[in-house]
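K.L.:
sequence isn't available, so here's the structure alone:
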């Protein structure tokens, strides 16, 4: 009985090991991430802000970049997954009743950039 359990255990180990070896490697390090949070004064999250990402410099060797837009979630958070090339980007955060804010950053393959906005209310 013990021999059977050992054989089954060994077989399961080998199958698990072989299965893991056969899985394709995931190259997530090739991408860069630009993410962050949009706040409003005095530091509360601002959901529903439109965050726009566009190229701020010349495109990388023959690659064009199409502007991307996302809306901050209920925690004010947003994120972009970028192609694997180093480039400069301009981010714009806008929300109704708040002054639009712009920031520039550089994205590199395998690097996460955290960029936070604090929008001020429009004066009335």
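P.N.:
Structure's in. What do you need? Keep in mind the model is a prediction, meaning the values are calculated, not measured.
K.L.:
in the helix or strand encompassing residue 34, what's buried?
P.N.:
Secondary-structure assignment from DSSP states H and E places residue 34 in strand 32-40. Neighbour-count burial for strand 32-40, counted by 16 or more other Cβ atoms under 10 Å, picks out 32, 34, 35, 36, 37, 38, 39, 40. C-betas here are computed from N, CA, C, even on glycine.
K.L.:
now render those as CSV, adding pLDDT and distance to residue 84.
P.N.:
Below are the buried residues of strand 32-40 laid out as CSV (pLDDT from 0 to 100; distance: Cβ to Cβ, whole Å):
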residue, pLDDT, distance to residue 84
32, 87, 7
34, 94, 13
35, 96, 17
36, 96, 20
37, 96, 25
38, 97, 26
39, 97, 30
40, 93, 34
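K.L.:
rewinding a little: next helix or strand past the strand holding residue 34?
P.N.:
Using DSSP H and E, the helix or strand that follows strand 32-40 in sequence is strand 44-45.
K.L.:
that next one pairs with which strands, parallel or anti?
P.N.:
Strand 44-45 pairs in its sheet with strand 32-40 (antiparallel), by DSSP bridges.
K.L.:
from memory residue 115 sits against residue 92, does it?
P.N.:
No. Between residue 115 and residue 92 there is no contact under Cβ atoms under 8 Å: 11.1 Å.
K.L.:
contact partners for the residue lying closest to residue 73 once chain neighbours are set aside?
P.N.:
Sequence neighbours aside, residue 47 is the residue nearest to residue 73 in space, at 6.3 Å (criterion: Cβ to Cβ, 6 or more residues apart in numbering). With contact taken as Cβ atoms under 8 Å, 6 or more residues apart in numbering, residue 47 is in contact with 72, 73, 74, 75, 76.
K.L.:
filter those residues to the buried ones?
P.N.:
Taking 16+ other Cβ under 10 Å as the criterion, what is buried in those is 72, 76.
K.L.:
give me the subset of the contacts of residue 47 lying in helices.
P.N.:
Among those, DSSP state H puts none in helices.
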